[in-house]
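[1] The following block contains a protein sequence and its predicted model.
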Amino acid sequence: MKRYLPDWLENAIFYQIYPQSYYDTNADGIGDLPGITQKLDYVQSLGCNAIWLNPCFESPFQDAGYDISDFYKVASRYGTNADLKRLFAQARRRGIRVVLDLVAGHTSIEHPWFKESSRPERNKYSDWFIWTSDWITNGYPAVRTIGGYAQRNAQFMINFFYSQPALNYGFIDPSAPWQMPIDAPGPRAVRAELKKIMRFWLDMGCDGFRVDCAPACIKAQTREKMFASQNDLWQDVHDMLSREYPESVLVAEWFNPAQAVEAGFHVDFPRDNGVDMGLDHVIGRHHTNSCKTYFAKSGDGDACRFFDAYFQQEPALKGRGYVAFYTGNHDNYRMSLGKDKRMQEMVFAMVLTLPGVPFIYYGDEIGMRYLDVPTKEGGYTRTGCRTPMQWSAKRNAGFSDAPAKSLYLPIDPRADRPTVAAQEDDPLSLLNTVRALTSLRRNSKALSARGEFRALHLRACAYPLVYLRRWRHERYIIALNPCRDAAKVSLETKAVYGSRRADADEMSDGIRLERLNGFGADITRRGSKLIVEMRGCSYGIFRA
């Protein structure tokens, strides 16, 4: 079947919402779906036209909702299925798509399917999970198994925590009797159930799914084989969506965009532990200073690692899918860590001017901080990036009317904590800078997901980073200098204008390009050169 790529992705800007931390409407200290619905006008004002919603299904919350006990029911702490349906409808009225987080590879140990599968007697669900041949047989190095938990004479395979038993999509290379091939009855039933779950929420109004741990569903003897063996499953899902829901989107947590797109996804995230694209090292989403990031005033970072990997992947993506560039997410330290306002603006300037699909993590748009707080629901070091959204100077930063001790997580206690209200009317605030950048992107074909990208100045361990975005006669030059030292480079006009000599010849010596956004940066025409002059810690977006 012909592959499909939803048209709306070309201009999509996603906003990731962690539901328990966004806005609480019933004063129980936990964010809820009616709260997200109430804040849709804010999401729209931010310039985002799509939402990725972290898991909101029934769960014992041993991993913050990534351990699901009912795929067809909204967790009561968030509301009801009717609340989620209303969120879909209200978002669509505002031109906002909503993508749900789909945990395809495992359930909770509290799920009825797993409880039945754990029984010693054969039943419908016996082969829905992966069990070894007996209680003493372990898995092998590529997988982990848990023994002694159930009455069944076997150990069960897990995907992450002990409480997340792996669903059985089969093995691409079974080597033991307990390893079923992908076309065995159990794996076929699980696959059918996955598509049933997707249809249930798509029929209710959702616009697609971000799939958790997407390359780990079908198992293999090694991690490398496993990641390369998912096409049979996800191309099957892709074909179903293309026939029945052609506007829906599949976003992968795969960390290898070319591989994910080949498997049937439309969007994937680059990350250090995947194809070694190094976006985390470029932006600097790290708790320590052990990693030399490009967005650091010290000026000893290197953006080449990321862009070299991107250039290698890009040919496989053309017309088939996109890379997702993100400010942060629920598994990373906050983007603001170690960065002042100017540096954060530069991160947004890059994320919102690169090709592909940008994702903004809630709170990053106001510079929310990473907090050193005790672990909650399996968050551990990730917990500090999941704290409540800071709306105003009101009680609990406007997040909830509950007593402070009842909040899902504590609010940033500092008096200067950033809030939406404090930044709303300040034209120079981070929030309004982000709005200006999203507006620029959404009104430009050159800055869209499909616009041409060309590096103009990209050198190992060198500053600044300068690149071109182009669509036909529309061109933008983006220049970024996070280093504290001033920088100056010259560009050939033909690198920007190509064979369109008329455009270049119209510019007189000494004429500056129009800067649409940024500070401390200028580009001036001198003969056949464009001279980029940048102060320390500066950036500029120029119409060329």
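    Structure received.
[2] is Glu492 in a bridge, and if so with what?
    Lys529 (DSSP bridges).
[3] Check it and give its pLDDT.
    We note a pLDDT of 96 for Glu492 in this prediction.
[4] got the contact list for it?
    Contact analysis of Glu492 by C-beta atoms under 8 Å, 6 or more residues apart in numbering lists 528-530. Where you see a C-beta, it was placed from the backbone N, CA and C, and this is true even at glycine.
[5] Tell me how far it lies from Thr419.
    46 Å (C-beta to C-beta, to the nearest Å).
[6] Highest neighbour count among the contacts of Glu492?
    Compared across the contacts of Glu492, Leu530 has the highest neighbour count, 25 neighbours, by other C-beta atoms under 10 Å.
[7] sorry, back to before: tell me the one among the contacts of Glu492 nearest to Lys124.
    Nearest to Lys124 among the contacts of Glu492: Leu530, at 67.9 Å, using C-beta to C-beta.
[8] Tell me how far the closest one lies from Cys537.
    Applying C-beta to C-beta to Leu530 and Cys537 gives a distance of 22 Å.
[9] ok, now Ile30?
    Between Ile30 and Cys537 the distance is 39 Å, computed by C-beta to C-beta.
[10] neighbouring contacts of stretch 239-254?
    Residues contacting stretch 239-254 (C-beta under 8 Å, 6+ apart): 1-4, 6, 8-9, 52, 97, 99, 195, 198-199, 202, 206-215, 227, 234, 237-238, 260, 263-269, 274, 324.
[11] change it to 7 Å
    With contact meaning C-beta atoms under 7 Å, 6 or more residues apart in numbering, stretch 239-254 is reached by 1, 4, 6, 8-9, 99, 195, 202, 207-215, 238, 260, 264-269, 274, 324.
[12] what do you get for stretch 526-539?
    By C-beta under 7 Å, 6+ apart, stretch 526-539 touches 297, 342-343, 346, 349, 464, 466, 479-493, 496, 509, 518-524.
[13] circling back to that earlier point, the contacts of Glu492 into CSV, with extra columns for pLDDT?
    Formatted as CSV, those follow (pLDDT from 0 to 100):
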residue, pLDDT
Ser528, 93
Lys529, 96
Leu530, 97
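[14] quick check, nearest of those to Asp41?
    Nearest to Asp41 out of the contacts of Glu492 is Leu530 (C-beta to C-beta; 41.2 Å).
[15] so how far is Leu456 from that closest one?
    For Leu530 relative to Leu456 (C-beta to C-beta), the value is 9 Å.
[16] Output the contacts of Glu492 as TSV; include the columns distance to Pro60.
    Formatted as TSV, these follow (distance: C-beta to C-beta, whole Å):
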residue	distance to Pro60
Ser528	66
Lys529	63
Leu530	59
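[17] Nearest to Pro112 among those?
    Nearest to Pro112 out of the contacts of Glu492 is Leu530 (C-beta to C-beta; 64.6 Å).
[18] what number of residues lie near the residue lying closest to that closest one once chain neighbours are set aside?
    Leaving aside its sequence neighbours, Leu530 sits nearest to Leu491 (C-beta to C-beta, 6 or more residues apart in numbering; 4.4 Å). A count of neighbours around Leu491, defined by other C-beta under 10 Å, yields 20.
[19] any weak-confidence spans in the stretch 51-200 of the chain?
    Where the stretch 51-200 of the chain drops to pLDDT under 70, the residues are 141-142.
[20] mind listing what Gly356 touches?
    Taking C-beta under 7 Å, 6+ apart, we find Gly356 in contact with 322-325, 449.
[21] After the lowest-mean-pLDDT helix or strand in the chain, which helix or strand is next?
    None of the helices or strands of the chain scores lower by mean pLDDT, DSSP states H and E than helix 501-505, at a mean of 52. Once the chain leaves helix 501-505, the next helix or strand it forms, by DSSP states H and E, is strand 514-526.
[22] what about stretch 228-244, average pLDDT?
    Per-residue scores along stretch 228-244 average to 95.
[23] and what of stretch 316-335?
    Average pLDDT, stretch 316-335: 94.
[24] How far does it stretch from one end to the other?
    Stretch 316-335 has an end-to-end distance of 29 Å (C-alpha to C-alpha, to the nearest Å).
[25] Show me which residues of it are buried.
    317, 321-330, 332-335 (16 or more other C-beta atoms under 10 Å).
[26] do the same with stretch 391-411
    391, 396-400, 402, 407-409, 411.
[27] next one: stretch 220-228
    For stretch 220-228, the neighbour count (16+ other C-beta under 10 Å) marks 220-221, 226-228 as buried.
[28] Straight-line length of that stretch, end to end?
    End-to-end span of stretch 220-228 (C-alpha to C-alpha): 9 Å.
[29] from the chain's centre, how far out does that stretch sit?
    23 Å (C-alpha atoms, centre = their mean, to the nearest Å).
[30] Ok, stretch 380-392 next?
    In terms of C-alpha atoms, centre = their mean, the gap separating the centre of stretch 380-392 from the centre of its chain is 16 Å.
[31] related to what we said a few turns ago, now flag whichever of the contacts of Gly356 is closest to Arg441.
    Of the contacts of Gly356, the one sitting nearest to Arg441 (C-beta to C-beta) turns out to be Ala449, at 9.5 Å.
[32] Can you name the residues that contact the closest one?
    By C-beta under 7 Å, 6+ apart, the contact set of Ala449 is 9-10, 322, 355-357.
[33] State the distance from it to Lys124.
    43 Å.
[34] One more: Tyr245?
    From Tyr245 to Lys124 the distance is 28 Å (C-beta to C-beta).
[35] cool, Leu440 as well?
    Taken as C-beta to C-beta, the span from Leu440 to Lys124 is 54 Å.
[36] cool, and Gln423?
    54 Å.
[37] Show me which of the two is the more surrounded one.
    The neighbour comparison of Gln423 against Lys124 (other C-beta under 10 Å) goes to Gln423, with 19 against 11.
[38] didn't the more buried one look like it was pressed against Ser429?
    Yes - between Gln423 and Ser429 a contact is recorded at 3.5 Å, counting by C-beta atoms under 7 Å.
[39] Tell me if I'm right that Ser133 and Trp178 touch.
    Yes - counting by C-beta under 7 Å, Ser133 does reach Trp178; the two are 4.5 Å apart.
[40] Can you tell me how far Val251 is from Leu428?
    Val251 is 33 Å from Leu428, by C-beta to C-beta.
[41] These two: which has the busier surroundings?
    Shown here are Val251 and Leu428; by other C-beta under 10 Å, Val251 has more neighbours (28 against 10).
[42] does the more buried one count as helix, strand or coil?
    With DSSP: H, G, I helix; E, B strand; the rest coil as the basis, Val251 sits in strand.
[43] if I look at it, how far off is Tyr322?
    Taking C-beta to C-beta, one finds Val251 at 10 Å from Tyr322.
[44] Same question for Tyr333.
    From Tyr333 to Tyr322 the distance is 25 Å (C-beta to C-beta).
[45] Equivalent analysis for Gly47, please.
    The value you get for Gly47 to Tyr322, if C-beta to C-beta is used, is 18 Å.
[46] do Leu409 as well
    32 Å.
[47] now swap in Asn49 and tell me
    Per C-beta to C-beta, Asn49 is found 15 Å from Tyr322.
[48] try Gly378
    Noted for Gly378: a distance of 30 Å to Tyr322, by C-beta to C-beta.
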